[in-house]
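>>> What follows is a predicted protein model with its sequence.
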Amino acid sequence: MNKKTVILMAITLIFLGACKNSNKQKETDNPFFLVYNTPFEVPPFDKIDTSHYMPAFLEGMKRHNAEIDSIINNAAEPNFENTILAYDKSGKFLANVSNVFFNLTESSSNERMQAIASEINPLLSVHGDEIIMNEKLFKKIKTVFDKRNEMNLDAQQMRVVEKYFRDFERMGANLPKEKQEELKKINSELSTLGLDFGKNLLAETNKNFQLIIDKKENLEGLPQGAIDGASTAAKEKKLDGKWLFTLDKPSLIPFLQYAKNRELREKLYRGYFMKGNNGNKFDNKEIVAKIAKLRVKKAQLLGFDNYASYVIDDNMAKTPEAVNQFLMKLWKAALPVAKKEVVEMQKIIDKEGGKFKLQPWDWWYYAEKVRKEKYDLDENEMKPYFSLSNVRDGMFLTANKLYGITFEKLKDMPVYNPDVEVYEAKESNGNHIGVLYLDYFPRESKRGGAWCTSFRNAGWENGKKITPVVSIVCNFTKPNGEIPSLLTWDETNTLFHEFGHGLHALFTDGKYSRTAGNVPRDYVELPSQVMENWAGEAEVLRSYAKHYKTGEIIPEKLIEKIQKSGQFNQGFETVEYIAASLLDLDYHNLNESKDINVEEFEKTAMAKIGLIPEILPRYRTTYFSHIWDGGYSAGYYVYLWAAVLDADAFNAFKTSGDIYNKDLASKFRKNCLQECGDDEGMVQYKKFRGQEPSIEPLLKRRGLK
Ligand SMILES: [Zn+2]
């Protein structure tokens, strides 16, 4: 049976299911078919039942198709309103149900939700493909694009026309038929290769390597938590009385950091950095070479010299050369610092009488000793000053001092879990901005990590502003009896970070869905990371970091420690990150679709930049999931790019002498958050800053100069 038949069968089955449902359930009972009768029209979580999703998804796709058909079948000459605007407005019903469903599958899932997800995902992907491959639709969009200069469009209309045209063009819609066929073939091969890469990596990480310890003395140095974890992991594999360590970071890193036994550290780390490179049937070298080769072909079919140019063309950096230049500037500053870190650690080794030269598997172990000596932040001493409610109020206060906005707690709002808090964001004059959901604690139905998302995006409909419904989801420790939820320093930063994404979503304004709030990947983390700067600033800390029992303001010596800790091990962190970013860039800068030997390739790439033998790139080729199957190809650099932006942006406040500088804040809000989609990332940034970002503030923050 081919794939198409399977999908058709699935559609038939779902339609049958839907028909059955509709006997029991009238459309008028399904909240997705009705106007939400709730405060601020937030989703009526209390009325949504799992059975409502599938009929709503099917209806959403049906309506979306009808909307597309009416664009295509319109006999009038294509223009901005009847084509671009109509397309921009299409799919709202589907977006509504998707926004609720896909957010809740992450934060409040169950088996039925998961079953619906696996049913609906392939259908949605076919639905999306059909639209982007729709020749008649593209023809109309192209007509408008070709005549855009004669249509009297304003700047925003022009931008939306160009964006949509490029979206289709980048997917190959503008290619002649036979080239489209070739592209389809490449895409399908690439997707299979990506899946194979991922499967191999999973086996190499979880199955093919284990470090089993049966003698207690080999655990020397490890904290109890790591020992207990390893003991539980061993029991699960029926290895009672032993300890099991794996290549998963939560198991690997503590072992490298604390295990005194050097040989075992080497064994484990070797297992890690050889993943996918063991010459067995899970080896990823050949797959990687094929992917790199096919990506050159794809980029050239689409009119680019190489894959990096194709990807980065859509980003703020614009060209691979700009990224390379930027990375090399930071590299030159970071490498000497990493070398100094080596010297510092070698001194400890020599002092302890170790007769060896520092190796990559020693780095975490000796860095931990340096950290203890110079930067120790004792979490137990810190935590009482960072109760969840104090941190939350601290971030609200920061937003208030910068933007004049307030957050007012709303009661009796529909929520999907009783732990969720809801706030109304208001302008200083009381005007409504949007709604913010805060979902703090872990539970079985929630995935790990922290993120910010929206149940409804800001926008405009028939001249009326649609206000956003934003949600921040975390996994912080729950309160325990008398003790409230106390955050670690990392978690405190996480909350400020996600709140930054939240402010971006709340402030977003723009007439068109395609551009409003829509920023390139190397810009996305600017609004979030910039907020972390305030979290750690002494003046801000004194306003919110208060002892949960006594109300005592955090002592100055802890503030000093927090600020110093940001510079620990930064030579290493920056070097291993940039090494991986440049490796990524090298693979995607290939201008010729040829066979490569990936081991040689990696070696040459690292030798070229002078990477020191004590450090490996954060990801080596055969387990660099971000770039081979994770959607970050030619884009691993983006985190650091955004770090330069956020450090530079905050530096503007700092050097003005007022970290709450209202004038700067309103410029940042307008250009970098509210209207960030109105023009290219760099243009918007320069409107705020008056100049391009400098790397100096980041170097200073990381102690690299
Ligand atoms: Zn983020």
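Okay, I see it.
>>> Buried residues in the lengthiest helix in the chain, which are they?
When the chain is parsed with DSSP state H, its longest helix is helix 320-351. Neighbour-count burial for helix 320-351, counted by 16 or more other C-beta atoms under 10 Å, picks out 320, 323-324, 326-327, 330-331, 333-335, 337-338, 341-342, 344-346, 348-349. All C-beta atoms are positioned from the backbone trio N, CA, C, and that covers glycine.
>>> what do you get for stretch 253-262?
Quick answer for stretch 253-262 (16+ other C-beta under 10 Å): 254-259, 261.
>>> With stretch 211-224 instead?
Under 16+ other C-beta under 10 Å, the buried positions of stretch 211-224 are 211, 213, 218-219, 221-222.
>>> now that stretch, how far from the centre of its chain.
Centre-to-centre, stretch 211-224 and its host chain are 35 Å apart (C-alpha atoms, centre = their mean, to the nearest Å).
>>> got the CA coordinates for that stretch in CSV?
Taking Å, rounded to 0.1, in the frame of the first residue of the first chain, the C-alpha atoms of stretch 211-224 are listed here in CSV:
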residue,chain,number,x,y,z
LEU,A,211,28.5,2.4,31.7
ILE,A,212,27.7,-0.2,34.4
ILE,A,213,29.5,0.2,37.7
ASP,A,214,29.5,-2.6,40.2
LYS,A,215,32.1,-1.3,42.7
LYS,A,216,31.1,1.4,45.1
GLU,A,217,34.5,3.0,45.1
ASN,A,218,34.1,3.9,41.4
LEU,A,219,31.3,6.3,42.4
GLU,A,220,33.7,8.4,44.5
GLY,A,221,33.0,12.1,44.2
LEU,A,222,29.5,11.8,42.8
PRO,A,223,26.6,13.6,44.6
GLN,A,224,23.9,11.4,46.2
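>>> Quick one: mean pLDDT over it.
The pLDDT scores in stretch 211-224 average 96.
>>> which outside residues touch that stretch?
Under the contact criterion C-beta atoms under 8 Å, 6 or more residues apart in numbering, stretch 211-224 has outside partners 227, 230, 234, 239, 241-246, 254-255, 258-261, 264, 267-268, 271.
>>> next SSE after the longest helix of the chain?
helix 363-374 (DSSP states H and E).
>>> what's next to that next one, contact-wise?
253, 256-259, 262, 265, 341, 344-345, 348-349, 358, 564, 568-569, 572, 614-615.
>>> let's go with 6 Å and repeat that
In this structure, residues lying in contact with helix 363-374 by C-beta atoms under 6 Å, 6 or more residues apart in numbering are 256-257, 345, 348, 568-569.
>>> ditto for stretch 519-531
Contacts of stretch 519-531 (C-beta under 6 Å, 6+ apart): 315-317, 496-497, 499-501, 504, 635, 638, 641-642, 645-646, 649-650, 673, 676, 681.
>>> how long is it end to end?
18 Å (C-alpha to C-alpha, to the nearest Å).
>>> Can you list which of the contacts of stretch 519-531 are found in strands?
If you go by DSSP state E, the contacts of stretch 519-531 have nothing in strands.
>>> In PyMOL, how would I select the buried members of these?
What follows is the PyMOL syntax for the buried subset of these, where burial is set by 16+ other C-beta under 10 Å:
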select buried, resi 315+316+317+496+497+499+500+501+504+635+638+641+642+645+646+649+650+673+676+681
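>>> and the contacts of stretch 519-531, which of them are in helices?
496-497, 499-501, 504, 638, 641-642, 645-646, 649-650, 681.
>>> So which of these is the closest to residue 436?
residue 499 (8.7 Å; C-beta to C-beta).
>>> tell me, how many neighbours does the nearest residue to that closest one once chain neighbours are set aside end up with?
Nearest residue to residue 499 in three dimensions, chain neighbours excluded: residue 395, at 4.8 Å (C-beta to C-beta, 6 or more residues apart in numbering). The number of residues packed near residue 395 is 24, by other C-beta atoms under 10 Å.
>>> which residues sit against the host helix or strand of residue 395?
Assigned by DSSP H and E, residue 395 belongs to helix 388-403. Residues outside helix 388-403 that contact it (C-beta under 6 Å, 6+ apart): 405-407, 485, 487, 492, 495-496, 499, 534, 544, 546, 660, 665, 669.
>>> how about the buried residues of stretch 211-224, which pair is most distant?
211 and 221 (14.8 Å).
>>> can you list the domain ranges for the protein.
3-174, 175-204+283-375+566-636, 210-273, 381-565 (automatic domain parsing).
>>> Among the ones you listed, which comes closest to residue 688?
It is, among the domains of the chain and with distance given as C-beta to C-beta, domain 381-565, at 10.2 Å.
>>> how about the strands in this protein?
211-213, 243-245, 406-409, 421-426, 432-439, 451-456, 459-461, 464-466, 469-473.
>>> list the helices and strands the fifth one packs on?
Packing partners of strand 432-439 (3 or more C-beta pairs under 6 Å, 6 or more residues apart in numbering; DSSP states H and E): strand 421-426, strand 469-473.
>>> can you put the ones you listed in JSON lines and add mean pLDDT, mean neighbour count and distance to residue 113?
JSON lines is the format used below for the helices and strands packed on strand 432-439 (pLDDT from 0 to 100; neighbours: other C-beta atoms under 10 Å; distance: least, C-beta to C-beta, whole Å):
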{"stretch": "strand 421-426", "mean pLDDT": "98", "mean neighbour count": "19", "distance to residue 113": "22"}
{"stretch": "strand 469-473", "mean pLDDT": "98", "mean neighbour count": "24", "distance to residue 113": "15"}
